[in-house]
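Q: no FASTA, just this:
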């Protein structure tokens with residue numbers, strides 16, 4: 001394995017807490033500001049579409065960051081980067097939930113029966129909902145206590161983050177009605193992350209044989 005630094009990089013507890021605090025503040029301010037501009041009709045001609053776009057994009061970006069931390073921590077090397085993985089994964093769910101909430105609240109006016117019809121009839125919403133449910137399961141089981149209780153099943157469940165990423169990419173592509181332009185760049189990033197983790201997938205396949 002190629003390493004970028006001659007010796008491991010360590011992040012002090014103060015640095016980790018400071019970075020986490022800054023990330024929390026940035027994410028909260030971004031979401032609050034985005035929805036404030038949306039409800040005050042200052043997000044262009046179609047504020048709902050803008051809200052859906054940015055919350056969806058930041059779901060993918062958060063997933064990309066989360067999946068980048070493991071290979072990056074090995075190649076730097078800096079094991080302390082792994083301490084940010086849970087937080088970025090949870091924010092992927094937060095952005096995904098805000099994406100869903102925007103659609104359910106502003107597009108469907110919280111019409112539950114219509115939401116059920118949309119999930120069944122529209123494949124891109126079906127896969128988007130599947131990705132959201134996976135992220136919900138990962139977030140609900142992200143604590144150390146639950147990880148200890150689940151044992152090996154915890155890792156098996158949390159490997160589904162790759163499936164959530166692919167479903168999210170598919171949802172985004174279908175919603176844009178094209179693979180090219182913006183979606184293709186996100187697919188390239190997602191597939192690159194899968195290639196970086198090919199050794200892990202090969203080990204998982206060997207275990208199932």
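A: Ah, there it is. Remember, it's a predicted structure, so these values are computed and weren't measured experimentally.

Q: Quick one: the helices in this structure, in order.
A: Using DSSP state H, the helices assigned to the chain run over residues 13-39, 47-75, 85-102, 112-121, 123-140, 144-150, 152-158, 161-176, 182-196, 198-208.

Q: Report the angle between the first one and helix 47-75.
A: To tie it back to what came earlier, the one meant is helix 13-39. Helix 13-39 runs at 160 degrees relative to helix 47-75, counting by axes from the mean of the first three to the mean of the last three C-alpha atoms, to 10 degrees.

Q: Return the set of buried residues in helix 13-39.
A: 27, 31, 34-35, 38 (16 or more other C-beta atoms under 10 Å). Backbone N, C-alpha and C define where each C-beta goes, glycine included.

Q: any idea which of these is closest to residue 155?
A: Ranked by distance to residue 155 (C-beta to C-beta), these are led by residue 27 at 26.4 Å.

Q: residues contacting the nearest residue to the closest one once chain neighbours are set aside?
A: The spatially closest residue to residue 27, leaving aside those adjacent along the chain, is residue 91, at 5.6 Å (C-beta to C-beta, 6 or more residues apart in numbering). Listed by C-beta atoms under 8 Å, 6 or more residues apart in numbering, the contact set of residue 91 reads 23, 27, 62.

Q: still on that earlier bit, distance to residue 138 for the buried residues of helix 13-39 - can I get that in a markdown table?
A: Formatted as a markdown table, those follow (distance: C-beta to C-beta, whole Å):
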| residue | distance to residue 138 |
| --- | --- |
| 27 | 17 |
| 31 | 20 |
| 34 | 24 |
| 35 | 24 |
| 38 | 27 |
